[in-house]
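Novice: Return a 3D structure for these sequence lines:
(2 chains)
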Protein chains: 2
Amino acid sequence: MKTVNVGLIGFGTVGTGVVKTLLSKRRSLESRSGVSINLAKIADLNLRPRIGVRVPKKLLTRNVDSVIKNRNIDIVVELIGGIHPAKEIILKSARLGKHVVTANKALLAEHGREIFSLASKFKTFVGFEASVGGGIPVINVLKNSFVANDIEVIHGILNGTTNFILSKMSEEKCAFNEALRDAQKRGIAEKNPKLDISGADSCHKLCLLALLGFGLSVKPKDIYTEGIEKVSPIDIEYAKNWGYAVKSLAIAKKVGSKLDLRVHPALISLKKILASVKYEDNAIFIRGNMTGEALLYGKGAGELPTASAVVSDIVEIAKNVDDFKKSKNPFKLEFAGSVKKVRKMHDLTTRYYVRFSVIDKPGVLAGISGILAQNGISISTVSQKERKRGQPVPLVMLTHEANEGSMQKALDRIDKLSYVTEKSVEIRIEQ
Amino acid sequence: MKTVNVGLIGFGTVGTGVVKTLLSKRRSLESRSGVSINLAKIADLNLRPRIGVRVPKKLLTRNVDSVIKNRNIDIVVELIGGIHPAKEIILKSARLGKHVVTANKALLAEHGREIFSLASKFKTFVGFEASVGGGIPVINVLKNSFVANDIEVIHGILNGTTNFILSKMSEEKCAFNEALRDAQKRGIAEKNPKLDISGADSCHKLCLLALLGFGLSVKPKDIYTEGIEKVSPIDIEYAKNWGYAVKSLAIAKKVGSKLDLRVHPALISLKKILASVKYEDNAIFIRGNMTGEALLYGKGAGELPTASAVVSDIVEIAKNVDDFKKSKNPFKLEFAGSVKKVRKMHDLTTRYYVRFSVIDKPGVLAGISGILAQNGISISTVSQKERKRGQPVPLVMLTHEANEGSMQKALDRIDKLSYVTEKSVEIRIEQ
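Specialist: Next up, the predicted model:
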């Protein structure tokens, strides 16, 4: 039986899961793939033992180059994260003819084009199933299973931290900060949660889904990205009463020959299965012109779900390791789809939930709805609960379909009104 | 660019979808796969034009052998269904070194072992993504994405007809026959719906999932299979009040070294996402030891979803068509998993919903609960609504965990009691 050698760089949480799997499942993976996958080297700066796995000492090294330059190693698994030196490790490995597996969405979102084209040049393969949706096989499904489809829409709950916070705010009626603290206590949010909370992590993942689903190579800066900080418990309450959940969505949607690409909190109908995806779970809704509506749901992060994805890439490469070199089809992800470029955010047409903080006095509703009307925005539902006269009170509404540019203009004007006490909060509604 | 020739046998609903796709998407599939996929021949007894697609006349033939024996054809797509002559077509094609794509679950469930081993011998590939879950990529996911997992549980809603009927009974509170007639009117149920209603179709699909998920080759007769005819609107109502939906489930569950394999109506908690899978939609819940809980949801049937799966198989084969011949890893689906054989149904331990039809008179509850107790079955919830004294009335209960064999013994005895007016209905509860 053929043996394929794997070198792992980065012995952290996911790396430990990969090591556990390759060491304990060698027989079973042989039986399923017909190839023997040998973990040949593990590089990390910290070589102390990891809980739950005993690693032969000779596998361990602090020297990354001894892995990359090792002639026996066929596959380099990069799990250190971050841009540098992960990028250099991957490029160097590809140049040396090694296949690469990585979970590094930030790197692939920023530098994927360079990495993929180098891999193509050197006839190596880049596996990155673990970079989006953890154990959810969305990369494989978009690349292979849905290959015959024109993808029309992808809606993803791609970030477990923000979904946990919004779910906890909704289920336990608590404030943002309390939900965040709980997420941090459980290890679901980082000490510095900015990458998740700001939507940047979802944005990185959406770059990869745009490439796989629509053939379009985009960078994070091409994607309109909004965090969840502005969502308050009162928004979640109003949404729920009107039949919606508030979720942080990553959206890729074909509109003619353009691709609508954005990450932001959104109201989605409670009748949609996506609304039932709670706490740290992730899910990706995909509508293809052939498959119709499909949903992939599962664990978006964590040691073992992510390691499962990494190992599936390793096995795919191991099965085909000889063929890549001979193949006339180099590694390629971009394709000539029906989408040519990203649509500008101000061209978006959608329904909105809007919450204004106003002093409760005569003329307020007339003033605000007047400005909305002047911008072509019509209101479908409005709610203002009785409070003390002259005190700030939330005025909450749902609009009919409106243009994003007009909405921003209207909100700018409204926020300058004397009786508006806080910046207005708009949350887009996804149908 | 390399050209791969495809011969289609069976120009029915799904065949038409495949033809539409291969003819209209040739460019896009080339761009994504690096291979040109040429539809070379279409064989069917009926050569009248199909709606929505114009086929060059020279592609059409009534002669199946002219497709199978055509030297130029690399891939034979069998979409005629049924056992004969589909089986002979596939075997003959494999013997001639042709790769095969099929959606024929009944055939693969009964004769898969023979077909797969012949394919392995002749170094050809059998693609059957379309045979389970229509457009839902469960075959690919189990075979590739979850390859590193010990699968623990698969719960599938694998039959759109039965799910439609049960959903309609639940949502519109109508009787079985009315729901069935509506399904037939919409083309969701066949004129003769027996294969679906009886659970046989789900049983066929479960054979394939048992193979892919657990490495175990089983036949339909190895799977305990129960239809949905016994479910009445009153069961659905009681279940709903107690927080459950009634679904026809295909279940594969590892219990020690045995595999619990069964198809039957089941109560599942309304809190589970699977309970929100309604009408003709399908879904497959999979728990792997690494991925944790995952769900794949989508359209389980229909021209385009199923054609999408067929074409994904064609593309996978086309990309690798040269490599299969050289490969040292022949086509192989069985693997040495941790499951050795199917568990006997009477060894099952589960909770039950049971409905007895009894004459309302003193001593009835004592009599029935006495027999249950003698068989080691303890009741967790019981409901008997007031009716006219001396009239038949439903006595409905949920049990704690109990043994299937004991439950059947108890029901046999209970059904013989003088005050029991109809065969008791038991529905297992899935946790």
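Novice: how about the helices in the stretch 101-250 of chain A?
Specialist: A:105-121, A:138-140, A:160-171, A:176-185, A:194-197, A:200-214, A:233-241 (DSSP state H, counting those that start in this stretch).
Novice: can you list the weak-confidence ranges in chain A?
Specialist: Low-confidence segments of chain A (pLDDT under 70): A:328-329.
Novice: How is it partitioned into domains?
Specialist: As assigned by automatic domain parsing, chain A contains the domains A:3-134+A:303-326, A:138-299, A:348-430.
Novice: what's the closest of those domains to B:Ala309?
Specialist: Among the domains of chain A, the nearest to B:Ala309 by C-beta to C-beta is domain A:138-299 (7.4 Å). Placement of C-beta: from N, CA and C, glycine included.
Novice: close to chain B, is that closest one?
Specialist: Yes: on the criterion C-beta under 8 Å from any C-beta of the partner chain, domain A:138-299 is in touch with chain B at A:140-141, A:144-150, A:215, A:273, A:276-277, A:288-299.
Novice: Sort out which of those are buried, if you could.
Specialist: Buried members of the residues of domain A:138-299 next to chain B, scored by 16 or more other C-beta atoms under 10 Å in any protein chain shown, are A:140-141, A:144-150, A:215, A:273, A:276-277, A:288-299.
Novice: Just the C-alphas of the host helix or strand of A:Ile414, formatted as PDB.
Specialist: A:Ile414 belongs to helix A:404-415 when assigned by DSSP states H and E. The C-alpha trace of helix A:404-415 is given here as PDB (Å, rounded to 0.1, in the frame of the first residue of the first chain):
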ATOM      1  CA  GLU A 404     -29.800  51.300   0.500                       C
ATOM      2  CA  GLY A 405     -28.400  54.700  -0.700                       C
ATOM      3  CA  SER A 406     -31.700  56.400   0.000                       C
ATOM      4  CA  MET A 407     -32.000  54.800   3.400                       C
ATOM      5  CA  GLN A 408     -28.600  56.000   4.400                       C
ATOM      6  CA  LYS A 409     -29.400  59.500   3.200                       C
ATOM      7  CA  ALA A 410     -32.700  59.500   5.100                       C
ATOM      8  CA  LEU A 411     -31.000  58.200   8.300                       C
ATOM      9  CA  ASP A 412     -28.300  60.900   8.100                       C
ATOM     10  CA  ARG A 413     -31.000  63.600   8.000                       C
ATOM     11  CA  ILE A 414     -33.100  61.900  10.700                       C
ATOM     12  CA  ASP A 415     -30.200  61.600  13.000                       C
END
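Novice: Could you point out the helix or strand that follows that helix?
Specialist: Using DSSP H and E, the helix or strand that follows helix A:404-415 in sequence is strand A:425-430.
Novice: In terms of secondary structure, what does that next one contact?
Specialist: helix A:233-241, strand A:244-255, strand A:258-269, strand A:349-359 (3 or more C-beta pairs under 8 Å, 6 or more residues apart in numbering or on different chains; DSSP states H and E).
Novice: Walk me through which strands that strand pairs with, and which way each runs.
Specialist: strand A:258-269 (parallel), strand A:349-359 (antiparallel) (DSSP bridges).
Novice: tilt between that strand and strand A:244-255?
Specialist: 60 degrees (axes from the mean of the first three to the mean of the last three C-alpha atoms, to 10 degrees).
Novice: starting at the chain centroid, how far to strand A:425-430?
Specialist: 19 Å (C-alpha atoms, centre = their mean, to the nearest Å).
Novice: swap in stretch A:14-34?
Specialist: 26 Å.
Novice: Select from the residues of domain A:138-299 next to chain B every entry located in strands.
Specialist: The strands, defined by DSSP state E, take in A:288, A:292-299 from these.
Novice: how about these, which pair is most distant?
Specialist: Based on C-beta to C-beta, the longest span within those runs between A:Gly292 and A:Lys299 and measures 25.2 Å.
Novice: show me the residues around A:Gly127 that make contact.
Specialist: A:99-102, A:310, A:313-314, A:316-317 (C-beta atoms under 8 Å, 6 or more residues apart in numbering or on different chains).
Novice: Now, those residues that are in helices?
Specialist: A:310, A:313-314, A:316-317 (DSSP state H).
Novice: ok, back up a step: of all the helices of the stretch 101-250 of chain A, which lies closest to B:Asn192?
Specialist: Among these, helix A:138-140 comes nearest to B:Asn192, with 37.6 Å by C-beta to C-beta.
Novice: Now tell me what touches the closest one from outside.
Specialist: Residues contacting helix A:138-140 (C-beta under 8 Å, 6+ apart): A:128-129, A:131-132, A:156, A:208-209, A:212, A:284, A:296, A:312, B:137, B:140-141, B:144-145.
Novice: My guess is A:Pro220 contacts A:Lys205. True?
Specialist: No: with contact defined as C-beta atoms under 8 Å, A:Pro220 does not reach A:Lys205; the gap is 10.2 Å.
Novice: shared neighbours of the two, anything?
Specialist: A:Ala109.
Novice: Between these two, which has more neighbouring residues?
Specialist: Between A:Pro220 and A:Lys205, counting by other C-beta atoms under 10 Å in any protein chain shown, A:Lys205 is the more crowded of the two (26 against 16).
Novice: how close does the more buried one sit to B:Asn140?
Specialist: 21 Å (C-beta to C-beta, to the nearest Å).
Novice: For B:Thr161, find the nearest of the domains of chain A.
Specialist: Proximity to B:Thr161 (C-beta to C-beta) singles out domain A:138-299 among those, at 17.1 Å.
Novice: Next, count neighbours for A:Glu88.
Specialist: 12.
Novice: One more: A:Val321?
Specialist: 18.
Novice: ok, it touching A:Val4?
Specialist: Yes: in this structure, A:Val321 is within contact of A:Val4 by C-beta under 8 Å, at 5.4 Å.
Novice: now the helices and strands packed on strand A:425-430 in a markdown table, with mean neighbour count?
Specialist: Formatted as a markdown table, these follow (neighbours: other C-beta atoms under 10 Å in any protein chain shown):
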| stretch | mean neighbour count |
| --- | --- |
| helix A:233-241 | 18 |
| strand A:244-255 | 24 |
| strand A:258-269 | 23 |
| strand A:349-359 | 20 |
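Novice: now the ones you listed as TSV including distance to B:Leu259?
Specialist: As requested, those are exported to TSV (distance: least, C-beta to C-beta, whole Å):
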stretch	distance to B:Leu259
helix A:233-241	42
strand A:244-255	37
strand A:258-269	38
strand A:349-359	48
